[in-house]
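S.K.: Sequence and predicted structure below; questions after.
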Amino acid sequence: MRREAAITGLGVVTTAGVGLGSLLRALRTSGTEPIASDYLSGRQFPFAALPSPWRSESAGDVSCVDILDACMRELVRSSGLAPAEYRDRRTAVVLGATAGRYPRWRPELSPMRVADAVAHRDFDEQATTLEFAQRWQLAGPTFTVCSACSSSASALAVGHGLLDTDQCDRVIVGAAELLSWFDVHGFRTAQLLSRTAARPYDAERDGLMLGEGGGLVLLERPGARPAFARLLGAGQSTETHDIAQPEPSGAALTRCIGRALSDAGLRASDIGYVNAHGTATLANDASEAMCLARYWPSGCDTWISSTKGLTGHLRAAGGIVEAIVVAAALGGGFAPHTRGCRRFDPTFSFNCVLDAPVSQSLQHGLSITRAFGGANVALVLGRGDPRRWLGARVLS
Amino acid sequence: VKLALVLGHAATYPAPGSGHRAQPSRKCSAAAALGGVLCRAALDDARVPPGERDDVGLYLGVCHGRTELVERAVRISDELGLMDFCDPVAFVNSVASAVTGHSARAAELGGCSFVVNTGVLSGIDAVGLASLGIGGSGAGIVLAGGVESAPSRGASHPSKLKDTPVHGTGGAVLALAVGSAGTVRAGALGEEAVCVRAYRTGREDPAECFASALHGARARAEDLAFVAGCGSFAREVLERFGSRADWFQTREALGYLGGAEGAIACSVAARSLARRHGQGRCAAVVGVSPSGACSCIIFGPDPGPHPEVAAHG
């Protein structure tokens, strides 16, 4: 068990808008339909698009660093972090990444044109981290962590470890993703994209919905300033079943959650809300459901949902945005619902939040992310200072 | 001071000037294939039986490895007139962490697995983070290092991706027992185990980083018997400290090897120290990246278990 870390600042951009206030409003809004857009894809496939000002054809040259910029501005505002603090050598940056800096997707972009557009240095995953550090004149250590779709969750675990071992005094952790050529053509080739929208845990789910957005959190030692939430522990495991398919039994994910609970010194029954991976693919949801039912079977007091019907699948940024969702659930006293799920798969047996958010005081939450390559990450969060959430509503 | 014991290691380097390059494969990148081989060899060297690998974690430094797969996919897609990736396997294998995924599968590792990318420092940082147990959720034994692969010249596509600067395919993986209570099970490194005594990284003057690591290891520059440099770290920095340690520079010896450089430097330093066991000397690995970051690891002889640990068995 390690020392807890305080999440003392955060910034987030999702299809719901820029900032925590927009995300909170969207999470609290009832409605079963997913937030899907086809403005950029020309109805080829729906996705969870960025809000204005990025939502325009002329915004094609927007980069992940622009999203991180917006997140960082909110992080600085919400935490009161002074320039001297974030530029300090003892402030580390850990960003998650899946692939390099590919251009934002356009229907006419062929593989050859993309290859011509991408210089070798852009293919390097740390390109975004270095540019972000340069823009904000960050002088501390920078790390880029890659575990595909669980990258930013792994980054949070690494950031937590850096603080715990006194390698730094504060850590800025996060990731951002755009609808890139790499993702669109890759997931389409793998036949994982939904033709309608993400419907996690639905009996008729037909695939995932890509999303755009990102998030950053500031991790500090407890007491540095009032916390939005507390990062209590992390668990990781690797599935050796297949490089792309989840293990049907969910055994490795079960180990991962067990390690996270052990790291946090908690039992499964201490967890009030679980933000599950819930991509809405047939294979992921089925294997994840088996694991969830082991820890939190139907009838127990733990609420479970997937928020990918709202945010889309954010690949590298999924872990950080969903950790922020858990923090918001703990701070706001509610369990967000599974947007997109119309008819809960009758073969699953856990307390899935359907139709509308559930109001309930929550002490501890858990976020689950999974990835190609078999990297599972589970993060355990605890409720922070309630006054921080009053501030978040004011900011919205 | 003991962050982690080095239980075993495995390494392979491209022969200088050989220009050995990866052969494109549909199944996985050359870096991933090499990673799997090195992980298995490091575990065998550390005498970790197959039944005890469920908790073993994996940290690999990788910058460019699997580029040859992207090039191959682009070439085939172009030849076939496809807009999409030529096949789903190529897409999955094009993600950086496919290297750790394949490696973990090959060695049947069930702990954490992720790629650390800090450019030419990736290998050092992977070993450094692993030795501190960072991100590993309490795993006792972890594998850490770096692998890299370069596209085959014959398969290179006439695009900017062909500018891959990696000089060959190579890498190194160390098996580490994290914490001070590890059981000494020295493999090829000799009868007396080597341990990681300090790790420092930051954007600072290389001399400051080096001095800070020495301080953390409770060692002096004159205690160093061997220093392995990677990236643009130069011997002049050592001379400022009055060190007369033997010197090895991966870049000069092997050419640019991206994320594998630091890992190879760690492997060379640890082996060098094992050859000098009983002398009480230390070895250092120092790297400087073009972004201005510097990382340093100090290896030293195993001081043995902490007295309290020994007393309590």
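M.R.: Everything's here; your move.
S.K.: use CA for all of it now, contacts and neighbours both
M.R.: Will do.
S.K.: Return the residues in contact with residue B:202.
M.R.: The contact partners of residue B:202, taken as Cα atoms under 8 Å, 6 or more residues apart in numbering or on different chains, are A:89, A:139, A:140, A:141, A:142, B:209, B:293, B:294, B:295.
S.K.: mind running it again at 6 Å?
M.R.: By Cα atoms under 6 Å, 6 or more residues apart in numbering or on different chains, residue B:202 lies in contact with A:140, A:141, B:293, B:294.
S.K.: That one pairs with what?
M.R.: The partner list for residue B:202 in beta bridges (DSSP bridges) reads residue B:294.
S.K.: May I see the buried residues of stretch A:25-35?
M.R.: Across stretch A:25-35, burial judged by 16 or more other Cα atoms under 10 Å in any protein chain shown covers A:26, A:27, A:28, A:30, A:31, A:32, A:33, A:34, A:35.
S.K.: What about the contacts of residue B:202, which one has the most neighbours?
M.R.: In terms of neighbours by other Cα atoms under 10 Å in any protein chain shown, the contacts of residue B:202 top out with residue B:294 at 29 neighbours.
S.K.: thinking again about what came up before, so can I have CSV of the contacts of residue B:202 showing distance to residue B:225?
M.R.: Output for the contacts of residue B:202, formatted as CSV (distance: Cα to Cα, whole Å):
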residue, distance to residue B:225
A:140, 30
A:141, 28
B:293, 25
B:294, 21
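S.K.: So the closest residue to residue A:4 other than its chain neighbours: helix, strand or coil?
M.R.: Once flanking residues are discounted, residue A:4 sits nearest to residue A:232: 4.7 Å by Cα to Cα, 6 or more residues apart in numbering or on different chains. Using DSSP: H, G, I helix; E, B strand; the rest coil, the three-state assignment for residue A:232 comes out as strand.
S.K.: Look at residue A:232 and report its pLDDT.
M.R.: What the model reports for residue A:232 is a pLDDT of 97.
S.K.: how about the residues of chain A that lie near chain B?
M.R.: Contacts of chain A with chain B, taken as Cα under 6 Å from any Cα of the partner chain, map to A:99, A:110-111, A:115-116, A:119-120, A:139-141, A:143-148, A:157-158, A:161, A:185-186, A:189-190, A:235-238, A:240, A:373.
S.K.: State whether residue B:143 is indeed within a strand.
M.R.: Yes: assigned with three-state DSSP, residue B:143 falls within a strand.
S.K.: Next SSE downstream of the helix or strand of chain A with the lowest mean pLDDT?
M.R.: Lowest mean confidence among the helices and strands of chain A (mean pLDDT, DSSP states H and E): helix A:120-123, at a mean of 64. For helix A:120-123, the following helix or strand on the C-terminal side (DSSP states H and E) is helix A:126-135.
S.K.: what's that next one in contact with?
M.R.: A:65, A:144.
S.K.: roughly how far is it from the heart of the chain?
M.R.: Relative to the chain's own centre, helix A:126-135 is displaced by 20 Å; criterion: Cα atoms, centre = their mean, to the nearest Å.
S.K.: Pull out the buried residues from that helix.
M.R.: The neighbour-count criterion (16+ other Cα under 10 Å) identifies A:126, A:127, A:128, A:129, A:130, A:132, A:133 as the buried residues of helix A:126-135.
S.K.: now do stretch B:36-56
M.R.: Buried residues in stretch B:36-56, counted by 16+ other Cα under 10 Å: B:36-46, B:48, B:53-56.
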